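Visitor: Here is a sequence with its predicted model. Questions after.
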Amino acid sequence: MATGARTLARVSVGTSGWSYPTWRPGFYPAGLDPKAFLGFYAERFRTVELNTTGYRMPGVEQFRRWAEQAPDGFEFAPKLPGHRTGVLEAFDSGARALGDRLGPVRVSLKSVRDEGAIELILGSLGAGLRIAFDLEHPSWDGIEERLADQGAVRVNDLDNPAPFRYLRRREAPDEAFAARVRAASEPVYVYFRHEDAPTAPAFAQQLLEMLS
């Protein structure tokens with residue numbers, strides 16, 4: 001079991017988004033310009049979910065601007081709404097414009113099990129992306145091994161073989177959760193979900209302290 005600095009080297013912890021004015025002054029200093037939010041955030045965490053892409057597809061230049069604002073070693077995890085197959089090409093181009101700031105890609109699918117959708121998405125996106133499928137309907141249970149065969153994972157799966165782990169959580173971390181993260185031998189990405197109050201960055205920092 002890895003502990004301490006070795007654990008932190010393979011565990012990346014962050015939040016679901018960063019551009020929230022209501023996180024002032026609890027996380028961001030009072031009066032901080034929203035344009036400076038990302039820089040402030042990236043000094044404290046090394047990954048963030050890029051949720052904007054789940055609602056509208058920014059141009060390639062916007063992805064490049066985000067990458068330019070982030071320090072070396074920082075990773076964005078862009079969201080792809082799985083039902084919007086018409087944006088797959090644009091998403092692929094935009095995500096790759098992040099360069100070495102591109103982390104895992106979260107694909108959200110709310111529908112019942114349709115393995116054809118998985119095949120379409122994986123076949124439409126270029127090689128080399130780390131794909132985490134966020135599958136909400138219970139009919140998807142049991143898909144994990146098939147995803148792993150294609151280099152993909154299921155969000156919040158810590159039980160099946162996988163090339164990496166992608167975890168999302170709204171609650172504060174407890175020791176049981178920290179122990180499971182600590183015990184994983186693969187790279188782990190953990191994102192605390194957004195609330196209007198700055199609980200997500202507080203929980204992310206708490207988990208980092210528990211793992212250190």
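Guide: Arrived safely. Numbers count the residues shown, from 1 in each chain.
Visitor: residues in contact with residue 151?
Guide: Counting by C-beta atoms under 8 Å, 6 or more residues apart in numbering, residue 151 touches 130-131, 163. C-betas here are computed from N, CA, C, even on glycine.
Visitor: Tell me the pLDDT of residue 23.
Guide: Model confidence at residue 23, expressed as pLDDT, equals 98.
Visitor: starting at the chain centroid, how far to stretch 82-101?
Guide: 14 Å (C-alpha atoms, centre = their mean, to the nearest Å).
Visitor: again with stretch 77-95
Guide: With C-alpha atoms, centre = their mean, you get 14 Å for stretch 77-95.
Visitor: what's in contact with it?
Guide: Here stretch 77-95 has contacts from 14, 47-51, 53-54, 57-60, 62-63, 98, 102-111, 117, 120-121, 124-126, 129, 132-133, 166, 189, 191, using C-beta under 8 Å, 6+ apart.
Visitor: Among those residues, which lie within strands?
Guide: Residues of the contacts of stretch 77-95 located in strands (DSSP state E): 14, 47-50, 105-109, 132-133, 166, 189, 191.
Visitor: Run through the chain and note the low-pLDDT ranges.
Guide: The chain contains residues with pLDDT under 70 at 1-7, 54.
Visitor: residue furthest from the geometric center of it?
Guide: Farthest-out residue of the chain from its mean C-alpha position, per C-alpha atoms, centre = their mean: residue 31, at 27.8 Å.
Visitor: quick one, what contacts that one?
Guide: Contacts of residue 31 (C-beta under 8 Å, 6+ apart): residue 24.
Visitor: Which of the ones in strands among the contacts of stretch 77-95 are buried, as a PyMOL select command?
Guide: Buried members of these, defined by 16 or more other C-beta atoms under 10 Å, are picked up in PyMOL with:
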select buried, resi 14+47+48+49+50+105+106+107+108+109+132+133+166+189+191
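Visitor: Can you show me the CA trace of the helix or strand residue 78 falls within as PDB?
Guide: Taking DSSP states H and E as the criterion, residue 78 maps to strand 75-81. Extracted C-alpha coordinates of strand 75-81, given in PDB (Å, rounded to 0.1, in the frame of the first residue of the first chain):
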ATOM      1  CA  GLU A  75      -4.800  18.800 -15.800                       C
ATOM      2  CA  PHE A  76      -8.300  19.700 -17.000                       C
ATOM      3  CA  ALA A  77     -10.900  16.900 -17.100                       C
ATOM      4  CA  PRO A  78     -13.300  18.100 -19.800                       C
ATOM      5  CA  LYS A  79     -16.900  16.800 -19.800                       C
ATOM      6  CA  LEU A  80     -18.500  15.300 -22.900                       C
ATOM      7  CA  PRO A  81     -22.300  14.900 -22.900                       C
END
